[in-house]
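**Q** Mind looking at a prediction? Sequence and model below.
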Amino acid sequence: MRSNVCKVTISLIIVLGIITTLILFFYQFPKKVDLVSPAVSFYGNDPSSIKHTSLRISGTLNRPLFQQHRFKGTVTIDGLEFTKENETLDTYVLDKNNGINMGNLVYHKPSKPGEFVTLSMIWFDDTFEHINIVSDWGEIKKKSFFIVSASSYEEAIDTQKKMREKYGTTFVPRE
């Protein structure tokens, strides 16, 4: 009798363990994101190039425990019409360090999903409070073009500095 109870208990523990493992492996732990943030754009090391804009981010950040994190949604930037006219490809988090995520921000034509319009790098914290995009979208192609969630150039540089300290020295290419 005691042997049967032990077998049933062990079987139940094994089944519950398998179910828990499967849930943890496959559940995406989604986080809805819907925000409009003031931002500035500028060329690296050139405070005179600053322009005020805003970032609109809407979508879902999926954060599975044992798989790559992924943002599925849209990122639009006022003043950059291609971000409104084209679709954002799912952004996979390529690297994560101390709460700062890094990935590719890719836009493609809605009629031709395989045809990329442009590509950039994006860094964002887990709450999407601090966002930094570096690209070649500006008119001066030999300089890095930044879009940072901030209200001024000084605040943008401070945001980049804080993100760099958390993420590490490879954050944001330097001019």
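**A** Ah, there it is.
**Q** So, low pLDDT: which residues of this structure?
**A** Within the chain, the segments meeting pLDDT under 70 span 1, 141, 171-175.
**Q** following the longest strand belonging to the chain, which helix or strand comes up?
**A** The residue-count maximum for a strand in the chain (DSSP state E) belongs to strand 46-62. The helix or strand immediately downstream of strand 46-62 is strand 70-77, counting by DSSP states H and E.
**Q** Would you indicate which residues of the following helix or strand past that next one are buried?
**A** Once the chain leaves strand 70-77, the next helix or strand it forms, by DSSP H and E, is helix 82-85. Across helix 82-85, burial judged by 16 or more other Cβ atoms under 10 Å covers Thr83. Yep, even glycine has a C-beta here, placed from its N, CA and C like the rest.
**Q** which residue ranges form the strands in the protein?
**A** Taking DSSP E as the criterion, the chain contains strands spanning 30-43, 46-62, 70-77, 87-88, 91-97, 100-109, 112-125, 131-135, 145-148.
**Q** any idea which residue sits dead centre in the protein?
**A** Phe124 (5.2 Å; Cα atoms, centre = their mean).
**Q** Who does that one form a beta bridge with?
**A** Asn101, Ile131 (DSSP bridges).
**Q** just checking, what's the longest helix in this structure?
**A** Determined from DSSP state H, the single longest helix within the chain is helix 2-26.
**Q** ok, and what's touching it?
**A** Pro64, Leu65, Phe66, Gln67 (Cβ atoms under 8 Å, 6 or more residues apart in numbering).
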